[in-house]
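Visitor: heads up, no residue letters with this:
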């Protein structure tokens with residue numbers, strides 16, 4: 001009898017797609033992180049920003065991201081994965097780079113000869129308020145362009161995953177590329193403050209400008225690889241018959257190669273008539289803002305509460321430790337439902353929901369971040385890392401529920417709709433946090449919560465919200481979709 005060598009001869013091009021998605025997501029989050037790692041120690045002294053100013057900028061980014069996400073998925077479905085992703089990363093890379101011009105533009109609009117002259121203005125004066133106002137508006141414009149492009153990343157990435165992987169593998173593949181968010185957040189504090197300080201020491205602007213330019217340019221390099229490496233599985237010269245059969249192994253995906261592309265997608269407004277859509281919306285709305293809060297405020301938290309600047313060795317060590325924990329643990333989050341399916345015989349959706357329930361308990365660690373911070377800054381770094389790992393594991397499985405319940409032609413659209421809800425949740429928590437931190441700092445001992453005073457009390461309130469968000473989200477999702485039901489076109 002002839003030996004079956006199908007498995008031995010199978011190509012693995014799908015994993016190269018995951019590598020590309022991982023790199024794109026890493027760059028995505030690094031571009032997003034440049035501001036959070038430079039605003040407190042490099043940008044704020046030049047422009048006289050307060051926490052509320054920064055909160056406004058991050059909240060604005062979130063709401064523009066939310067609006068763009070509503071249409072980004074439909075855009076990717078319409079343009080196709082290849083062109084849609086190219087447009088997305090091209091726009092956000094341009095948006096990242098033009099942040100560098102905000103200081104120069106503020107200086108000329110306000111009529112100052114140098115950045116140093118702006119920084120020397122008396123804090124709280126009318127001139128300082130004018131500088132802050134103009135610079136904030138300019139950063140809002142740059143963040144809007146960044147948000148417009150970044151909104152396309154996850155719809156395109158989730159669509160690519162659904163194209164290249166069977167259902168049982170999608171959460172694992174998603175957890176790998178989604179780890180790019182953690183790796184981006186991990187690499188960023190080890191590189192961005194050093195870049196900013198390096199160029200500042202050499203008198204090249206305030207240093208932070210070159211950080212935006214260098215990190216932003218990475219996206220343009222990625223575009224070249226995507227153009228030559230990506231194609232639909234049934235069209236790709238790098239995918240052989242054995243791998244294509246593996247990719248298309250699901251019964252409900254057993255349509256002839258390319259036939260699904262010819263089907264029309266679900267009409268946009270009709271998407272909102274499905275409980276499955278609202279389940280995904282709820283999962284994103286309640287939890288995305290938590291991750292974005294950690295992402296945008298962790299560097300400021302360690303600077304405010306412990307005095308460790310993002311450019312200091314200790315400041316970088318704390319942030320790197322936090323995201324190292326997130327990265328290592330979160331990858332297992334995508335493997336857990338695969339284990340439930342292969343070892344326990346569960347349906348992919350049932351296994352995914354069980355995994356999400358397990359990971360919904362991880363963010364409860366955030367309740368101890370502020371109390372344990374009284375002993376050492378390392379405790380909040382470790383605790384927030386565990387909570388963040390819970391989010392990333394949750395997120396990988398949440399994204400994969402879209403592929404479980406919707407046809408491939410609607411995946412990017414539904415992902416975009418959910419991303420819009422996540423952006424709204426992020427807007428609320430970031431703007432609320434910025435206002436709360438400024439208010440509680442000014443109130444001092446008059447503002448208390450659970451034994452903490454002033455700004456410490458403000459952080460404790462937000463940590464409490466972050467801790468319970470996932471269990472609430474899971475309960476709502478389960479109530480909306482108690483049992484698996486596939487949406488057909």
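Guide: Thanks, I have the structure now. Computed from a predicted structure; not experimentally measured.
Visitor: lowest-pLDDT helix or strand in this structure?
Guide: One helix or strand of the chain scores below all others by mean pLDDT, DSSP states H and E: helix 259-262, with a mean of 46.
Visitor: what is the mean pLDDT for the helix or strand following that one?
Guide: Later in the chain than helix 259-262, the nearest helix or strand by DSSP states H and E is helix 275-306. Helix 275-306 carries an average pLDDT of 91.
Visitor: and the angle from the helix or strand following helix 275-306 to helix 275-306?
Guide: Counting by DSSP H and E, the next helix or strand C-terminal to helix 275-306 is helix 313-344. Put simply, helix 313-344 runs at 150 degrees to helix 275-306, going by axes from the mean of the first three to the mean of the last three C-alpha atoms, to 10 degrees.
Visitor: Just list what the helix or strand following helix 313-344 packs against, helices and strands only.
Guide: Beyond helix 313-344 on the C-terminal side, the first helix or strand identified by DSSP H and E is helix 348-359. Packing partners of helix 348-359 (3 or more C-beta pairs under 8 Å, 6 or more residues apart in numbering; DSSP states H and E): helix 167-201, helix 313-344, helix 378-405, helix 454-480. Placement of C-beta: from N, CA and C, glycine included.
Visitor: Let me have these in CSV, extended by distance to residue 89.
Guide: Shown next, in CSV, are these (distance: least, C-beta to C-beta, whole Å):
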stretch, distance to residue 89
helix 167-201, 13
helix 313-344, 22
helix 378-405, 18
helix 454-480, 29
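Visitor: looking at the ones you listed, which has the lowest confidence?
Guide: Among the helices and strands packed on helix 348-359, helix 313-344 carries the lowest mean pLDDT, at a mean of 80.
Visitor: Flag every buried residue along that helix.
Guide: Residues of helix 313-344 classed as buried: 315-327, 329-338, 340-341 (neighbour count, 16 or more other C-beta atoms under 10 Å).
Visitor: on contacts alone, who are the packing partners of that helix?
Guide: Packing partners of helix 313-344 (3+ C-beta pairs under 8 Å, 6+ apart): helix 167-201, helix 275-306, helix 348-359, helix 378-405.
Visitor: Okay, buried residues for the second one please.
Guide: When you say that, I think you mean helix 275-306. 276-306.
Visitor: Let me know the angle separating it from helix 378-405.
Guide: Angle of helix 275-306 versus helix 378-405, following the same axes, to 10 degrees, is 170 degrees.
Visitor: quick one: helix 275-306 to helix 454-480, angle?
Guide: Orientation of helix 275-306 against helix 454-480 (the same axes, to 10 degrees) gives an angle of 170 degrees.
Visitor: ok, residue 180 to residue 230 distance?
Guide: Applying C-beta to C-beta, to the nearest Å, the value for residue 180 to residue 230 is 16 Å.
Visitor: Look at the two and report which has more neighbours.
Guide: Higher neighbour count among residue 180 and residue 230: residue 180, with 25 against 20, using other C-beta atoms under 10 Å.
Visitor: got the contact list for that one?
Guide: Contact analysis of residue 180 by C-beta atoms under 8 Å, 6 or more residues apart in numbering lists 21, 22, 23, 24, 25, 26, 27, 28, 29.
Visitor: do you know how far it is from residue 327?
Guide: 9 Å.
Visitor: do the same with residue 122
Guide: Residue 122 is 44 Å from residue 327, where distance means C-beta to C-beta.
Visitor: thinking residue 103 is in contact with residue 45, fair?
Guide: No: taking C-beta atoms under 8 Å as the definition, residue 103 is not a contact partner of residue 45, at 11.6 Å.
Visitor: okay, the two: which has more neighbours?
Guide: residue 103 (21 against 15).
Visitor: Am I right that the more buried one is in a helix?
Guide: Yes: judged by DSSP: H, G, I helix; E, B strand; the rest coil, residue 103 forms part of a helix.
Visitor: Next one: the nearest residue to it once chain neighbours are set aside from residue 422, what distance?
Guide: The shortest distance from residue 103 to any non-neighbouring residue, by C-beta to C-beta, 6 or more residues apart in numbering, is to residue 115 (5.8 Å). Separation of residue 115 from residue 422 (C-beta to C-beta): 35 Å.
Visitor: same deal with residue 65?
Guide: Per C-beta to C-beta, residue 65 is found 8 Å from residue 422.
Visitor: Report the secondary structure state of residue 233.
Guide: Here residue 233 is coil, with the state taken from three-state DSSP.
Visitor: Count the residues that sit near it.
Guide: By other C-beta under 10 Å, the residues close to residue 233 number 21.
Visitor: Wait, it touches residue 239, no?
Guide: Yes: Residue 233 is in contact with residue 239 according to C-beta under 8 Å; the separation is 5.0 Å.
Visitor: what sits in contact with each of those two?
Guide: What both residue 233 and residue 239 touch, as defined by C-beta under 8 Å, 6+ apart, is the set 13, 14, 247.
Visitor: Find the nearest non-adjacent residue to the second one, please.
Guide: Pointing back at residue 14 there. With C-beta to C-beta, 6+ apart as the criterion, residue 14 has its nearest non-adjacent residue at 4.1 Å, and that residue is residue 164.
Visitor: Any idea how many residues pack against that neighbour?
Guide: Count around residue 164 with other C-beta under 10 Å applied: 25.
Visitor: same question, residue 424
Guide: Using other C-beta under 10 Å: residue 424 sits among 22 other residues.
Visitor: Mind checking the pLDDT average for stretch 209-219?
Guide: 95.
Visitor: So residue 15 versus residue 22, what's the distance?
Guide: Counting by C-beta to C-beta, the gap from residue 15 to residue 22 is 10 Å.
Visitor: Looking at the two, which has the bigger crowd around it?
Guide: Taking other C-beta under 10 Å, residue 15 and residue 22 do not tie; residue 22 has more neighbours (20 against 12).
Visitor: element containing that one, please.
Guide: Counting by DSSP H and E, residue 22 is found in helix 13-38.
Visitor: So for that helix, what gets flagged as buried?
Guide: Under the neighbour-count criterion of 16+ other C-beta under 10 Å, helix 13-38 has 13-14, 17-18, 20-38 buried.
Visitor: name the helices or strands packed onto that helix?
Guide: helix 51-79, helix 81-98, helix 126-150, helix 153-164, helix 167-201, helix 208-229, helix 241-247, helix 275-306.
Visitor: could you give the angle of it to helix 126-150?
Guide: 180 degrees.
Visitor: mind checking how far helix 13-38 is from the chain centre?
Guide: Averaging C-alpha positions (C-alpha atoms, centre = their mean, to the nearest Å) puts helix 13-38 9 Å from its chain's average.
Visitor: what's the angle between that helix and helix 51-79?
Guide: Between helix 13-38 and helix 51-79, the angle comes out at 160 degrees (the same axes, to 10 degrees).
Visitor: burial count for the nearest residue to residue 201 once chain neighbours are set aside?
Guide: Distances taken as C-beta to C-beta, 6+ apart put residue 207 closest to residue 201, at 7.4 Å, once the chain neighbours are dropped. Other residues near residue 207 come to 23 when the count uses other C-beta under 10 Å.
Visitor: Same question for residue 345.
Guide: 9.
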